[in-house]
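Colleague: predicted structure and sequence below. I'll ask about it afterward.
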Amino acid sequence: MKLISACKDIFNQLESVVEHITQEDFTKEVDTLNYSTIGQHIRHTLEFFTCLAHHHTQGIVNYDKRDHDRMIESDKTIAGALIKDLYDFIDQNPKDTQLVLEANYSMVNEEPISIGTTYFRELAYNIEHAIHHMAIIKIGLKEVAPYVPIPAHFGVAVSTIRYQDGTAC
């Protein structure tokens, strides 16, 4: 299944960065990223997958209710362990199911809206979301940790890679 493979590829790329970056640079504020850290962007990316993993069996996913776990963004060992857990989750859940996405796009109304979706659609969303943040992470790595080997297509959408290679659909 291509979605499962794409998720695993993202996790492998993130794991490579986490393995190579020093703990100090993982938590260093990056001027170019409005003083956020590589760790914060990795935590944010992983927590969307974690939210889906923890709630997909209940049939409702709400990314607004993710944990914002500071341990993930402040300890690269914890981030690396979470990546391995998410890899296992993706491996063990290869089937599509119906879900409801709850979201609140209002600053004044506290009631979320409910949108019909599926597990695979949410995996696709998480892939796109991860690629976006990986592009941001790449900018930060070049500033604070240029020694980290960045995988060739890190933070680049597959459609862009195909277009650049002249194989776009």
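Modeller: Ah, there it is. Treat the numbers as computed from the prediction; the structure is a model and nothing was measured.
Colleague: export the helix or strand of the chain with the lowest mean pLDDT as PDB, just CAs?
Modeller: In the chain, the helix or strand scored least confidently by mean pLDDT, DSSP states H and E is helix 158-165, which has a mean of 83. Taking Å, rounded to 0.1, in the frame of the first residue of the first chain, the C-alpha atoms of helix 158-165 are listed here in PDB:
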ATOM      1  CA  VAL A 158       6.500  13.300  -4.400                       C
ATOM      2  CA  SER A 159       4.500  15.200  -7.100                       C
ATOM      3  CA  THR A 160       7.300  17.800  -7.100                       C
ATOM      4  CA  ILE A 161      10.000  15.100  -7.300                       C
ATOM      5  CA  ARG A 162       8.100  13.500 -10.300                       C
ATOM      6  CA  TYR A 163       7.700  17.000 -11.900                       C
ATOM      7  CA  GLN A 164      11.400  17.800 -11.500                       C
ATOM      8  CA  ASP A 165      12.300  14.400 -12.900                       C
END
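Colleague: okay, now the unreliable bits of the chain?
Modeller: 1, 167-169 (pLDDT under 70).
Colleague: at the geometric centre of the protein, which residue sits there?
Modeller: T45 (2.8 Å; CA atoms, centre = their mean).
Colleague: next one: that residue from E29, what distance?
Modeller: 18 Å (CB to CB, to the nearest Å). Any C-beta I mention is one placed from the backbone N, CA and C, and that applies to glycine too.
Colleague: can I assume P149 sits in a helix?
Modeller: No - going by DSSP: H, G, I helix; E, B strand; the rest coil, the assignment for P149 is coil, not a helix.
Colleague: would you agree it is in contact with I21?
Modeller: No - counting by CB atoms under 8 Å, I21 is not a contact partner of P149; they are 10.3 Å apart.
Colleague: all strands of this protein, in order?
Modeller: For the chain, strands defined by DSSP state E occupy the ranges 29-30, 36-37, 60-61, 98-103, 113-118.
Colleague: from N62, how far out is the nearest residue in space to H68 that is not next to it in sequence?
Modeller: Closest residue to H68 apart from its sequence neighbours, by CB to CB, 6 or more residues apart in numbering: E47 at 7.1 Å. From E47 across to N62, the span is 12 Å (CB to CB).
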